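**Q** All I have is the shape, not the residue letters:
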């Protein structure tokens, strides 16, 4: 009897093995409610289509995410597929956490044709290391009610119009405003606007083609920084930190106290839930009508860690293909509110005309993602440059020269390795 | 019998001892070790660099700024909270009407979560909507930038810390005052001592232990100032333009914003040494004058 039972167990084991036990891969991302529920649903769909693969989904608080990855992956534990901010990629690659996406499954040429150009920030040493489901770009959110009160009909198309519209809406004088024309906030999205939008529109480039040199200390750079800071100091359209708190400009906009803000597509949900007035989204202005368009893009991408080998790697590739498919991107737009990374969708006429997402989607072809090697450090350099002009009457040229020298030090520190 | 008692005592003491060793002292020692490496949290190579992190401190203007700011916080904060605390404690001791309520009101900021207090402070000092600026404008004075001005942000932040610590300071002084025997004041009154004589000759000298305690713990807490600074300006912590940056906040930024653990540890070690030296000096010079 006893022998019998053992035999039974043994045969069950052998039979089960012959049946090919499902492969389990682990997926990690940081804890953001709408992304977590969406991924849970997507995993159900994926598992239904691939019964031989199981996906374990784990999330961690944003602050602890990198530390978790840093302690798990080198120990051969943790995720097979990991979600990461594109700005962390150089550090992840340098640390050896990721493996390049297999060329046969993700040919570089096809990726460059099918995905928004900003995805190039995931290309290191000629190889792609990560791919996004969705991307973000910037646009102008405007308060239609305040526009009406000021007698303005359409959102501005050029920066001159932007200033004239904003000056009709602003009420008060620095430092006390009752209402702002433009929700100026250097540490919101504005420093991206100066660096990736204004400098290019004034004919410059913020960085060298290989991203190793900061090149904004130029005539175009000075014009761009002067133009932006003048909106606070000369045009007096508003001041930074109008409302106290983390998201000053966005909170003030939601409260109906600001005519326009420049914000990312990721803010759509918050504004939709909060704003009690009629609002719209318009593309970022250009210098002259029909002039050079430019935008800042950013994204969270999925990469395959070095721990995925053999059949796990195969499963991870399948999961990556699924996560970056057109169908998933459409679902992502609806549930998370981030815009699709594939150009086929960016060209979808229905999406381009969408009153909210249209402005973001149509800017994807010319949106650049800054190549960060030390996001926090590079951000600080720019904030201080802008603040020294706005708050201390500093000279834009001097501020830029200092910023370029400081940022170059950070870049050199990364590239010397 | 005595030996057995000693063993019992030591075995009870061993628990907190082991706890402090593992949770406090070992991490402190490993910070010394870490400060000799280029220890980027995301990097696989963590090479030994010797004193390089310390050399980098010499030319790091942000570190110098954070150090100067921290000295400023301490030199303004500690005397302000001592003087204000003592004055209020003396007044509170004298009055009997709604004494408990007043004490509770002064103590309330101390038990308020720092984050909440910092946010309220942001509203109070807001250039646009803040009641303080509203008052200034009513009085015909020009409105001020306060936390948004690089020149005024540091005193504004220091004011928040003083306001928060004041309640605790008052309680300590009240306890110190109540420990002074009444008979001394009665004797002095019979001898015809004036109020100010009684204060300078009796109250202040007998408050010395309380003062030493307040100065030493106050100095340490100002040198480690962190939470208020972080919450007064969340998107540009220590800003604007580094004007409120404290050493502790700079350590945090280097360690958890830029993942440079080795460099952050070097700053930690420097801060530790500074606090140690100042505390030892204070204990040496202040405790000499204790009279009972």
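**A** The structure has been received and is ready for your questions. Predicted, not measured: the structure shown is a model, and the values here were computed from it.
**Q** Give the closest residue to the residue of the stretch 1-150 of chain A found nearest chain B in space, chain neighbours not counted.
**A** Ranked by C-beta to the nearest C-beta, the top residue of the stretch 1-150 of chain A for proximity to chain B is residue A:91, at 4.2 Å. C-beta here means a position set from N, CA and C on the backbone, and glycine is covered the same way. Spatial nearest neighbour of residue A:91, chain neighbours left out: residue B:42 (4.2 Å); criterion: C-beta to C-beta, 6 or more residues apart in numbering or on different chains.
**Q** doesn't the one you found fall inside a helix?
**A** No. Counting by DSSP: H, G, I helix; E, B strand; the rest coil, residue B:42 is not part of a helix but coil.
**Q** is stretch A:118-131 up against chain B anywhere?
**A** No. Legend: contact between stretch A:118-131 and chain B by C-beta under 8 Å from any C-beta of the partner chain is lacking; minimum distance shown is 14.1 Å.
**Q** Report the separation between residue B:174 and residue A:326.
**A** According to C-beta to C-beta, to the nearest Å, residue B:174 and residue A:326 sit 71 Å apart.
**Q** Which of these two has more residues huddled nearby?
**A** Higher neighbour count among residue B:174 and residue A:326: residue B:174, with 19 against 13, using other C-beta atoms under 10 Å in any protein chain shown.
**Q** nearest spatial neighbour of the more buried one, skipping sequence neighbours?
**A** Per C-beta to C-beta, 6+ apart, closest to residue B:174 is residue B:89, 5.1 Å.
**Q** hang on, isn't residue A:372 packed against residue A:87?
**A** Yes. Using C-beta atoms under 8 Å, residue A:372 is in contact with residue A:87, at 3.8 Å.
**Q** For residue A:67, give me its contacts.
**A** Going by C-beta atoms under 8 Å, 6 or more residues apart in numbering or on different chains, residue A:67 touches residue B:41.
**Q** For it, give its distance to residue A:310.
**A** 28 Å.
**Q** Around chain A, which positions in chain B sit nearby?
**A** Going by C-beta under 8 Å from any C-beta, the residues of chain B near chain A are B:40-44, B:119, B:122-123, B:126-129, B:133, B:137, B:143-145, B:147-150, B:234-236, B:239-242, B:253, B:256-259.
**Q** What about these, which are in helices?
**A** In helices, judged by DSSP state H, the following of those are found: B:119, B:122, B:123, B:133, B:137.
**Q** Let me see the mean pLDDT of stretch A:152-164.
**A** Averaging pLDDT along stretch A:152-164 gives 96.
**Q** distance between the ends of it?
**A** Taking C-alpha to C-alpha, to the nearest Å, stretch A:152-164 runs 10 Å from one end to the other.
**Q** ok, residues contacting that stretch?
**A** With C-beta under 8 Å, 6+ apart, stretch A:152-164 has contacts from A:140, A:142, A:147, A:165, A:168-169, A:182, A:227, A:231, A:235, A:237, A:260, A:280, A:282, A:285-289, A:291.
**Q** on that earlier part again, what residues are up against the residue nearest to residue A:91?
**A** A:66, A:70, A:88, A:91, A:92, A:94, A:95, B:259.
**Q** what would those look like in TSV with distance to residue B:98 and pLDDT?
**A** Formatted as TSV, these follow (distance: C-beta to C-beta, whole Å; pLDDT from 0 to 100):
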residue	distance to residue B:98	pLDDT
A:66	53	85
A:70	56	85
A:88	57	87
A:91	59	83
A:92	62	88
A:94	65	84
A:95	62	84
B:259	53	83
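**Q** Just the pLDDT for the residue nearest the centre of chain A.
**A** The residue lying closest to the centre of chain A (C-alpha atoms, centre = their mean) is residue A:298, at 2.6 Å. At residue A:298, the pLDDT value in this model is 93.
**Q** quick one: which helix or strand includes it?
**A** With elements taken from DSSP states H and E, the one containing residue A:298 is strand A:295-305.
**Q** Residue 127: what's it in contact with?
**A** All of this refers to chain A. Per C-beta under 8 Å, 6+ apart, neighbours of residue A:127: A:100, A:101, A:103, A:108.
**Q** wait, chain B
**A** Contacts of residue B:127 by C-beta under 8 Å, 6+ apart are A:175, A:176, A:239, A:241, B:133, B:143, B:144, B:145, B:146, B:148.
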